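Undergrad: need a 3D model of the following:
(chains A and B)
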Number of protein chains: 2
Amino acid sequence: MSNITTKKVRVVALIGGLLSDIPPDLKSIGNLVDIVVVDGPEALAKELPNADVLFVWDFRYADVGPLLSSAPNLRWIHVAAVGVNSVLSPELLKSKILLTNSRGVFDGAIAEYVTGLLLAHVKDLQNTFAAQQRSQWNYRTTRRLAGHRAVVVGTGSIGRRIGSTLRKLDIDVTLVGRRAADDLEFGKIRPSTELSTVVKGADFLVLAAPLTHESSAMVGADVLSALGPNGYLVNVGRGPLVVEEDLLAALQSGALGGAALDVFDIEPLPVESPLWTLPNVVVSPHMSGDYLGFEVDLMTLFANNLKRWIAGEPLENLIDQSRGYVVSN
Amino acid sequence: MSNITTKKVRVVALIGGLLSDIPPDLKSIGNLVDIVVVDGPEALAKELPNADVLFVWDFRYADVGPLLSSAPNLRWIHVAAVGVNSVLSPELLKSKILLTNSRGVFDGAIAEYVTGLLLAHVKDLQNTFAAQQRSQWNYRTTRRLAGHRAVVVGTGSIGRRIGSTLRKLDIDVTLVGRRAADDLEFGKIRPSTELSTVVKGADFLVLAAPLTHESSAMVGADVLSALGPNGYLVNVGRGPLVVEEDLLAALQSGALGGAALDVFDIEPLPVESPLWTLPNVVVSPHMSGDYLGFEVDLMTLFANNLKRWIAGEPLENLIDQSRGYVVSN
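TA: As a prediction, the model looks like this:
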């Protein structure tokens, strides 16, 4: 990579709707880097042909695949998210362009969010808030969180952090991954092919897996009915991990007890979706990982990786593109 | 106490509105005990003159003080709650009747409830639920729970469990008690006389102290304004720990950021209370400790203490009546 240091690295930053300026961390990298900020598909198409590096800030604006054939210099795409499914196009897979993500940044916030959703569920906070709106003293007994059994799908840093946080609150956690494995912290990791067996008798099923060809639609009618009428689904991964049609049917029939959903097939969730109004469903707007200050942490992570790139060092958080996620050491 | 075992112990159980029958645990104690269940003040007045032991199940129905002069045999009152303020009458203090409580039963449930309220607060769940009612995709960034500072008032088993649970979620916890002390788990315990200093810069103030002459009105305008416009009060102790008038004023003016209240001066909270409708307040109906199955655990605790009493062994959870709570070993 020594040739890279002989000329300025041209970074195209697709910022999208969330940020309006180049953040300080990127500016501080200095004059080895030439940063062009684009704010949508058209500007991206115009600038990508001259780019060495693409920084995708808001993956919801990125349909990069078709543009890659006209980007001969592009060597590396970094995504300011953990799930890279929207960027992993067939064109990218055929290329030699490296792909990295922002693994690690969201772990703690998502683990807290899941814990909050589960506590809200067992303590019935939604009905407490509703009773308050009616000025109604609605005394009732609610459940302990401790002693329940949770199945967490995803053995990446997010799934692991969710698992360890729930264990601190005395929940019995089973981790599910692509393959069976022995794990120092969680004991036997169960393969996702056995999911409908693993969730039998579980109280909570938490989805924190990447969306890949293998994981897509992994939760269908069979898994949901195995989780059962007292079971509770939490999805903070990606919508298409679940067959939304099956989920709706299970929630409406009572085959599944309830669900807290932060991600959906289509985002924002369309106004006409029945999920909005089902009494046993919590809908939240894909916000579980986005904590106050996360933008700075995302920028710092990219800036550090960019410094490595300039120095010719190996990149961190490199995606195994055949699998669709960072493979743990 | 050997004379007690020569005759049947007559236990009057004031069950109140929550339970309808003698629970199995009490029945299993067998024929050394004669149990009379009463369901309200009138039946209590009739039966108390013949009672050796009074078991107060629902402290909200108990105004026992005036009846004690006509209960010459009464030696022990057990309360199926932790706070005994409603039973600790001047008449009881003048008598030699022992008083025990149900310390320990509610610790875990209350710690979970407080954690749930704090997570709901930092993750803004109340507005997420409200947006869902309008089918509105209200994306926004919320806060981490980790890294905040909490002051927990109460060094009994409930306060300690709240503190240790919050510490597991990486909150910096300061414990406040009646007196300054050094503590193995929490470091320096601060005296409640310094509360308005201790809460400066804190994010959360959690009240889990018993209601006594000393603790009554411990949180007034000075403490609330020291906690400040970003501060959040959680009260799971007793309403009168807080000067409700000062609290209302601080919440309405913005001097205090918000509050989650499970206990109040008058319970149920009157319909006309402005607390119901303040946007920065969560009102819940004194339910933080009452988990599914708590009745069985309360009965088991009393039954075990009754067995000790019959065997002439020292009672557990004996209240220091001059202080108003169980003094830790």
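Undergrad: can you name the residue of the stretch 151-300 of chain A nearest to chain B?
TA: Minimum separation of the stretch 151-300 of chain A from chain B (CB to the nearest CB) falls at A:P268, amounting to 3.6 Å. C-beta: built from backbone N, CA, C; applies to glycine.
Undergrad: flag every buried residue along stretch A:201-216.
TA: A:202-212, A:215 (16 or more other CB atoms under 10 Å in any protein chain shown).
Undergrad: can you give me the domain boundaries for chain A?
TA: Listed domain ranges for chain A are A:2-105+A:292-326, A:107-283 (source: automatic domain parsing).
Undergrad: which residues touch the closest residue to A:V12 other than its chain neighbours?
TA: Nearest non-adjacent residue to A:V12, counting by CB to CB, 6 or more residues apart in numbering or on different chains: A:A51, 4.1 Å away. Shown in contact with A:A51 (CB atoms under 8 Å, 6 or more residues apart in numbering or on different chains): A:10-12, A:36, A:71, A:73-74.
Undergrad: with A:A45 instead?
TA: A:67, A:70.
Undergrad: tell me if it really is in a helix.
TA: Yes - assessed by DSSP: H, G, I helix; E, B strand; the rest coil, A:A45 belongs to a helix.
Undergrad: and it, what pLDDT?
TA: pLDDT for A:A45: 93.
Undergrad: show me where chain A has its helices.
TA: Along chain A, counting by DSSP state H, helices occupy A:24-27, A:41-47, A:90-94, A:107-122, A:125-133, A:157-168, A:195-198, A:221-227, A:244-253, A:294-310.
Undergrad: burial check on A:G257, number of neighbours?
TA: 19 (other CB atoms under 10 Å in any protein chain shown).
Undergrad: one more: A:I266?
TA: 10.
Undergrad: quick check: pLDDT value at the nearest residue to it once chain neighbours are set aside.
TA: Leaving aside its sequence neighbours, A:I266 sits nearest to A:G239 (CB to CB, 6+ apart; 7.5 Å). Looking at A:G239, its pLDDT stands at 98.
Undergrad: contacting residues for A:G239?
TA: A:261, A:263-267.
Undergrad: can you rerun that using 6 Å?
TA: A:263-265 (CB atoms under 6 Å, 6 or more residues apart in numbering or on different chains).
Undergrad: for A:G239, give its distance to A:L248.
TA: Distance, A:G239 to A:L248, by CB to CB, to the nearest Å: 12 Å.
Undergrad: ditto for A:V326
TA: In terms of CB to CB, A:V326 sits 32 Å off from A:L248.
Undergrad: and the two? Which one has more around it.
TA: The neighbour comparison of A:V326 against A:L248 (other CB under 10 Å) goes to A:V326, with 22 against 18.
Undergrad: what's across from the more buried one in the sheet?
TA: A:I319 (DSSP bridges).
Undergrad: A:V151 too?
TA: Going by DSSP bridges, A:V151 forms beta bridges with A:T174, A:L205.
Undergrad: identify the residues contacting it.
TA: Here A:V151 is in contact with A:174, A:198-199, A:202, A:205 (CB under 6 Å, 6+ apart).
Undergrad: among the residues you listed, which two are most distant?
TA: A:T174 and A:L205 (9.9 Å; CB to CB).
Undergrad: against A:A81, how distant is the nearest residue to A:L119 once chain neighbours are set aside?
TA: In this structure, A:L119 finds its nearest non-sequential neighbour in B:G116, 3.3 Å apart by CB to CB, 6+ apart. Per CB to CB, B:G116 is found 28 Å from A:A81.
Undergrad: compare these two and say which is more crowded by neighbours.
TA: For B:G116 and A:A81, the more surrounded residue by other CB under 10 Å is B:G116, and the numbers stand at 27 against 21.
Undergrad: thinking again about what came up before, turn the contacts of A:A51 into CSV, columns for distance to A:N235, neighbour count and pLDDT.
TA: Below are those laid out as CSV (distance: CB to CB, whole Å; neighbours: other CB atoms under 10 Å in any protein chain shown; pLDDT from 0 to 100):
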residue, distance to A:N235, neighbour count, pLDDT
A:R10, 38, 17, 89
A:V11, 33, 23, 88
A:V12, 32, 26, 89
A:V36, 36, 17, 87
A:A71, 34, 23, 96
A:N73, 38, 12, 95
A:L74, 33, 24, 96
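Undergrad: and the stretch 151-300 of chain A, which of its residues are near chain B?
TA: A:168, A:268, A:271, A:276, A:283-285, A:287, A:290-292 (CB under 6 Å from any CB of the partner chain).
Undergrad: for the closest residue to A:D107 other than its chain neighbours, the count of nearby residues, please.
TA: In this structure, A:D107 finds its nearest non-sequential neighbour in A:R161, 4.0 Å apart by CB to CB, 6+ apart. The tally of other residues near A:R161 (other CB under 10 Å) stands at 22.
Undergrad: how near is A:R161 to A:A146?
TA: Taken as CB to CB, the span from A:R161 to A:A146 is 19 Å.
Undergrad: repeat that for A:T212.
TA: 34 Å.
Undergrad: do you have the strands of the stretch 1-150 of chain A handy? List them.
TA: A:9-14, A:33-38, A:53-56, A:76-79, A:98-100, A:149-153 (DSSP state E, counting those that start in this stretch).
Undergrad: just wondering, since we're on the residue nearest to A:A146 when sequence neighbours are not counted, how far is it from A:G147?
TA: Using CB to CB, 6+ apart and skipping the chain neighbours, the partner closest in space to A:A146 is A:D170 (3.7 Å). Between A:D170 and A:G147 the computed distance is 6 Å (CB to CB).
Undergrad: identify the contacts common to these two.
TA: In contact with both A:D170 and A:G147: no residue, using CB under 6 Å, 6+ apart.
Undergrad: related to what we said a few turns ago, most tightly packed of the domains of chain A?
TA: domain A:107-283 (a mean of 20; mean count of other CB atoms under 10 Å in any protein chain shown).
Undergrad: what separates that one from the chain centre, distance-wise?
TA: Taking the mean of its C-alpha atoms, domain A:107-283 sits 14 Å from the chain's own mean (CA atoms, centre = their mean, to the nearest Å).
Undergrad: for the record, mean pLDDT for stretch A:95-102?
TA: 96.
Undergrad: so which residues on the stretch 1-150 of chain A come close to chain B?
TA: So far as CB under 6 Å from any CB goes, the stretch 1-150 of chain A lies against chain B at A:108-109, A:112-113, A:116, A:119-120, A:123, A:125-126, A:128-129, A:132, A:135, A:137-139, A:141, A:143-146.
Undergrad: hang on, the earlier thing: so which of the buried residues of stretch A:201-216 are in strands?
TA: Of the positions in the buried residues of stretch A:201-216, A:204-207 sit in strands, assigned by DSSP state E.
Undergrad: closest one of these to B:M299?
TA: Closest to B:M299, out of all of these and judged by CB to CB, is A:F204, at 29.3 Å.
Undergrad: so where is the stretch 201-329 of chain A shaky, pLDDT-wise?
TA: Applying pLDDT under 70 to the stretch 201-329 of chain A picks out residues A:328-329.
Undergrad: then the stretch 1-150 of chain A?
TA: In the stretch 1-150 of chain A (pLDDT under 70), the answer is A:1-6, A:16-28, A:30, A:59-62.
Undergrad: returning to that earlier point: I'd say the residue of the stretch 151-300 of chain A closest to chain B and B:W137 touch.
TA: Yes - between A:P268 and B:W137 there is a contact under CB atoms under 6 Å: 3.6 Å.
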